[in-house]
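Student: sequence and predicted model, in that order:
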Amino acid sequence: QEAAQLFAEQAKGAGVTVQIRNTDSATFYGKDYLSWPFAQDYWFTRSYLPQVANGSLATSAFNETHWNDPKFAELIQSAQRELDAAKRTDLLKQAQKIEYDSGGHIIWGFKNQVDAYSSKVTGFTPDRNMPLSSYGFRLVSLA
């Protein structure tokens, strides 16, 4: 709620009136999910390609903004097929620029996260899709 209020205050400074409507998660993710005209949501940290697959392509199951950019989709498909890491990085940089410049999301902030490790602990297995804070802690033990 505080983030929505801050956004509304900032928008007011630009001459845009934002009326805040608070809903519970059951309502937000209920029958109207993916049809809100403007909404605030949170995506947990994950690697870029899995994030794109979930919410940034016309075919994504959770494309909340209904954004559809054929050039972006082409770059993502090319990056998914590219085996050369340097070429894939270049394709992803191009795609990220398109998404940053014309994508449907307004990124108002990033959550601070800290990950750490110690030689005294073993068993951490990083998750490929969620690089921060997604280790299988049930397998962790003292070294």
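Tutor: Okay, I see it.

Student: confirm E74 sits in a helix?
Tutor: Yes: checked against DSSP: H, G, I helix; E, B strand; the rest coil, E74 lies within a helix.

Student: burial of it, as a residue count?
Tutor: 13 (other C-beta atoms under 10 Å). From N, CA and C alone the C-beta is placed, and that goes for glycine too.

Student: can you get me a residue count around V52?
Tutor: So V52, with other C-beta under 10 Å, has 22 neighbours.

Student: let me see the mean pLDDT of the helix or strand hosting it.
Tutor: Using DSSP states H and E, V52 sits in helix 48-55. Mean pLDDT, computed over helix 48-55, is 93.

Student: where does the spatially closest residue to V140 that is not a sequence neighbour land on pLDDT?
Tutor: Once flanking residues are discounted, V140 sits nearest to G123: 4.3 Å by C-beta to C-beta, 6 or more residues apart in numbering. Note on G123: pLDDT of 79.

Student: could you measure G123 against Y100, distance?
Tutor: Separation of G123 from Y100 (C-beta to C-beta, to the nearest Å) stands at 37 Å.

Student: between those two, who's got more neighbours?
Tutor: The residue with more neighbours, out of G123 and Y100 and counting by other C-beta under 10 Å, is G123; that gives 13 against 10.

Student: surely the residue nearest to V140 and S141 touch.
Tutor: Yes: between G123 and S141 there is a contact at 5.3 Å, judged by C-beta atoms under 8 Å.

Student: nearest the geometric middle of the chain, what residue?
Tutor: Closest to where the C-alpha atoms of the chain average out (C-alpha atoms, centre = their mean) is W43, at 4.6 Å.

Student: circling back: what residues sit buried inside the helix holding V52?
Tutor: For helix 48-55, the neighbour count (16 or more other C-beta atoms under 10 Å) marks 49, 51-53, 55 as buried.

Student: list the contacts for T122?
Tutor: Listed by C-beta atoms under 8 Å, 6 or more residues apart in numbering, the contact set of T122 reads 140-143.

Student: show me these that map onto strands.
Tutor: In strands, defined here by DSSP state E, the members of the contacts of T122 are 141-142.
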